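# Sequence plus the predicted model coming up.
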Amino acid sequence: MKKILASPSAWAILALCFADLFVNYAVRLGYGVILPAMIGDLGLGRTGAGTIYNAYLFIYIGVAPLAGWFTDRIGARRVITGGLLVLGTGVLLLGRAQSLAAASLAFGLAGLGAAGLWVPVITLVQRWFAPGRRGLALGLLSTGYGLGFAASGVLFPPLLELACWRMAWTLLGAAALLLVLPNGALLRSDPAACGRRPWGESPGAPPVSPGPGEARLPLAAVLRMPVFWRIGASYALLSFGLYGLTTFLVDFAAGRPGVSLERAGLLATVHGLFQVVGVLVLLSASDRLGRRDTMVASNLAVALVLGRLAAGSPSWPELCALTALFAACYGATFPIYGACAGDYFPRQAMGTVAGLWTPFYGLGAILTHWVTGMLRDATGSYGLAFGLGAACAAAASLLMLGVPRRGLPHGPAAEKEGANR
């Protein structure tokens, strides 16, 4: 046991990070499943419902760049463990909220905790796996958030019928707190720090030094790279399209004639399961085809789905099929953008770059929650909002066409090249 604690394998790290993302995204994406019950009990409009989620996102995007910075300097273990503690506390408080203000404050605290999870987790996993294996590793890791969303779609609607929405948040908060101890005991921030090499690395490859404490790429050098801004802008536009549908998907379906809340909740399960398909297929494909080309195709598919929903009311089977395609692209989006931090920037800047991209993603998500909610309240339908999301996803795809097809080569020479760019 002492040996395992002192020197875990890359696969043990991956398994624990999987559990972290499962709970984290059951909270984040499960909000859309629990939302209809909260709307009725708290007397919210859709704009108010979007405000609660935006409280989460405001804190999340404000803190995530610092989380990436701290990950590169003090290590992922401390950041992730602290993030789980704060996330669990915030979600438990959300289950006790009696007003819009209280719910917003509680979910904002949950967002503070979540900021210590995604960027540190993907940075940690990329350090434990060789560059040519990162797509595979991030794909397996990212099934965690797809399965977390799928589980919320299966478990929460019956729970809402039998008990109430407060119980759902209580269970999720307790799950986050239960993960604090194993993360603190088992995680190691860099394989070199415990005498291991990244999994899949060639035996002849030169060793790398531990992440925290190694030479830093100046922040100013990152901000001078055009590829940083182009990928960030694409991320923001795509986020607008993705979250406009994902957050309001169950509410959109439940508003259709003959579709109950429980049946509409099945779309969350479809969404979650096909996220798993997307990350397993598209992330592995991106190792061979390149991140850029994979993202261009995926972003265009998102635009087509949103355009179809905006154009008219699909049948239930078609809606399920559209949700499946959308979810496959959704699931692959975040890890592929995260992998770009390792592909287009030197190793010592991965956490910082991934953290700095989070405000771009968050800006798109915050705007779409307010815009989608207001357009739905004003027009009585989601058509106009989904059409706007389709246009943003198409623009995101066009921006990625301007990104180089391949990132940096890997190895010491590449590190030097990246620092000089």
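In hand now; what should we look at?

# C-alpha only now, for contacts and for neighbours.
OK.

# residue ranges for the strands of the stretch 101-250 of the chain, please.
In the stretch 101-250 of the chain, no strands are defined using DSSP state E, counting those that start in this stretch.

# Where does pLDDT dip in it?
For the stretch 101-250 of the chain, the stretches with pLDDT under 70 are 131-132, 145, 149, 193, 200-218.

# What about the residue nearest to residue 126 when sequence neighbours are not counted, how many residues nearby?
Of all residues not flanking residue 126 in the chain, residue 134 sits nearest, at 5.8 Å (CA to CA, 6 or more residues apart in numbering). Residue 134 has 27 neighbouring residues, counting by other CA atoms under 10 Å.

# From residue 364, how far out is residue 134?
Distance of residue 134 to residue 364, given as CA to CA, to the nearest Å: 26 Å.

# do the same with residue 330
14 Å.

# Which of the two has more residues huddled nearby?
Between residue 330 and residue 364, residue 330 has the larger neighbour count (other CA under 10 Å), namely 30 against 24.

# looking at it, that one is touching residue 240, isn't it?
No - applying CA atoms under 8 Å as the test, residue 330 and residue 240 come out as separate, 11.8 Å apart.

# What are the buried residues along stretch 92-112?
Neighbour counts over stretch 92-112 (16 or more other CA atoms under 10 Å) mark 92-95, 97, 100, 103-112 as buried.

# and which of the residues you listed is nearest to residue 293?
Nearest to residue 293 among the buried residues of stretch 92-112 is residue 111, at 31.5 Å by CA to CA.

# what sits against the closest one?
55, 56, 57, 58, 59, 60, 87 (CA atoms under 8 Å, 6 or more residues apart in numbering).

# list the contacts for the residue nearest to the spatial centre of the chain?
Nearest residue to the geometric centre of the chain (CA atoms, centre = their mean): residue 334, 5.3 Å. Applying CA under 8 Å, 6+ apart to residue 334 gives no contacts.

# Distance of it relative to residue 117?
Taking CA to CA, one finds residue 334 at 13 Å from residue 117.

# what's the burial count for the residue lying closest to residue 223 once chain neighbours are set aside?
Of all residues beyond its chain neighbours, the one nearest residue 223 is residue 229 (7.7 Å), with distances taken as CA to CA, 6+ apart. A count of neighbours around residue 229, defined by other CA under 10 Å, yields 15.

# how near is residue 229 to residue 236?
For residue 229, the distance to residue 236 - CA to CA - is 11 Å.

# Pull out the buried residues from stretch 129-149.
129-131, 133-149.

# Dump that stretch to PDB, keeping only the CA atoms.
The C-alpha trace of stretch 129-149 is given here as PDB (Å, rounded to 0.1, in the frame of the first residue of the first chain):
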ATOM      1  CA  PHE A 129       0.800  10.200 -20.800                       C
ATOM      2  CA  ALA A 130       3.100  10.600 -23.700                       C
ATOM      3  CA  PRO A 131       2.100  13.100 -26.400                       C
ATOM      4  CA  GLY A 132       1.100  10.500 -28.900                       C
ATOM      5  CA  ARG A 133      -1.200   8.900 -26.300                       C
ATOM      6  CA  ARG A 134      -2.900  12.100 -24.900                       C
ATOM      7  CA  GLY A 135      -5.900  11.900 -27.200                       C
ATOM      8  CA  LEU A 136      -6.600   8.300 -26.000                       C
ATOM      9  CA  ALA A 137      -6.000   9.200 -22.300                       C
ATOM     10  CA  LEU A 138      -8.200  12.400 -22.500                       C
ATOM     11  CA  GLY A 139     -10.900  10.400 -24.400                       C
ATOM     12  CA  LEU A 140     -11.000   7.800 -21.600                       C
ATOM     13  CA  LEU A 141     -10.900  10.500 -19.000                       C
ATOM     14  CA  SER A 142     -13.700  12.500 -20.600                       C
ATOM     15  CA  THR A 143     -16.100   9.600 -20.500                       C
ATOM     16  CA  GLY A 144     -16.400  10.600 -16.900                       C
ATOM     17  CA  TYR A 145     -18.400  13.700 -17.600                       C
ATOM     18  CA  GLY A 146     -20.600  12.000 -20.300                       C
ATOM     19  CA  LEU A 147     -21.500   9.200 -17.900                       C
ATOM     20  CA  GLY A 148     -22.100  11.700 -15.100                       C
ATOM     21  CA  PHE A 149     -24.600  13.500 -17.300                       C
END
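
# Perfect, I'm done here.
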